[in-house]
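S.K.: Here is the input, now give the coordinates:
(one chain, ligands or ions: 2)
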Amino acid sequence: MSYAPSTAVGKQSAQQLADLTRTLYDRGWMPGTSGNVSLRLPDDPDRALITASGRDKGELTSRDVVEVDARTGRATLPGQARPSAETSIHAAVYRVTGARAVIHAHSPYATVIAHRVGAEESVASLRVERFELLKGLGLDDPAATDLPVFPNWPQVDRISEDVAAHLAARGDGPPGLLLADHGVTAWGDSLDQAKNRLECLESLCQLLVLAQSELRVSRT
Ligand SMILES: CSC[C@@H](O)[C@@H](O)C(=O)COP(=O)(O)O
Ligand SMILES: [Zn+2]
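M.R.: Residues are numbered from 1 along each chain as shown. Ligands and ions are numbered 1, 2, ... in the order given. The predicted structure is shown next:
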């Protein structure tokens, strides 16, 4: 039930995944067993490694990952641990954006903003503007962005369908999203880039809270 890669690339990727997950736990961004991280294998991007479900993220090792099909989220090897319950959200991001790494965290400020915006039946948009840190998101126009906030349906597949549809329709959106009352997900071309973007999103949410800004939310 533990990941035992046959290649040096698999071994190195699993180690990177585990090291980053523990770092984010240590920051308080993945309390308990919350959060999940995935990375497409550099030598075969059709496959990805993702954290196993329900593990203590502060204790995660390179054996606590699961190899899945990057586009479907289905396990590719027999006898593996259960992949993250939110694997289908990672797969939706991979299908639509071409990202190479995805991180989902329960970091406090992003989660507070996701709670304050909330969501009813459909995706909401949170306007974020003016902050210099928007430049860290790699946007075409860093003056402002509309951060999507998705309903936190109990059926994860329903969330991933919403995410895939929204990202397909809004190709110029930010490399991240909020899940109402839940947390934040960010992605990038590498684990480092996904982490940087997650840090920018968390910090932007912190600034919104500290500035006591009225949240500009639009709902469709
Ligand atoms: C500890 S509750 C958090 C979970 O429900 C979920 O949102 C989460 O982030 C972790 O799920 P996991 O299946 O371990 O990847
Ligand atoms: Zn979560």
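S.K.: Not counting sequence-adjacent ones, nearest residue to the one residue sitting closest to the centre of the chain?
M.R.: The centroid of the chain falls nearest to Thr185 when counting by Cα atoms, centre = their mean (2.7 Å). Computed as Cβ to Cβ, 6 or more residues apart in numbering, the closest residue to Thr185 that is not its neighbour in sequence is His104, at 4.4 Å. From N, CA and C alone the C-beta is placed, and that goes for glycine too.
S.K.: Just to be sure, that neighbour is in a helix?
M.R.: No - assessed with DSSP: H, G, I helix; E, B strand; the rest coil, His104 is strand; it does not lie in a helix.
S.K.: my guess is it meets Glu86, correct?
M.R.: Yes - the pair His104 / Glu86 is scored as a contact, 5.9 Å apart, by Cβ atoms under 8 Å.
S.K.: Looking only at neighbour counts, state which of those two leads.
M.R.: Neighbour count, other Cβ atoms under 10 Å: between His104 and Glu86, His104 has more, with 27 against 24.
S.K.: got a pLDDT number for the more buried one?
M.R.: For His104, the model assigns a pLDDT of 99.
S.K.: Quick check: neighbours shared by His104 and Glu86?
M.R.: Common neighbours of His104 and Glu86 are listed as Asn36 (criterion: Cβ atoms under 8 Å, 6 or more residues apart in numbering).
S.K.: which residues of this protein fall in strands?
M.R.: Assigned by DSSP state E, the chain shows strands spanning 36-41, 44-51, 65-69, 101-105, 124-129, 144-150, 176-179, 183-188, 217-219.
S.K.: Out of these, which is closest to Leu204?
M.R.: strand 124-129 (5.6 Å; Cβ to Cβ).
S.K.: what is the rounded mean pLDDT of the closest one?
M.R.: Average pLDDT, strand 124-129: 97.
S.K.: Just want the angle from that strand to strand 144-150.
M.R.: 150 degrees (axes from the mean of the first three to the mean of the last three Cα atoms, to 10 degrees).
S.K.: in strand 124-129, what's buried?
M.R.: Residues of strand 124-129 classed as buried: 124-126, 128 (neighbour count, 16 or more other Cβ atoms under 10 Å).
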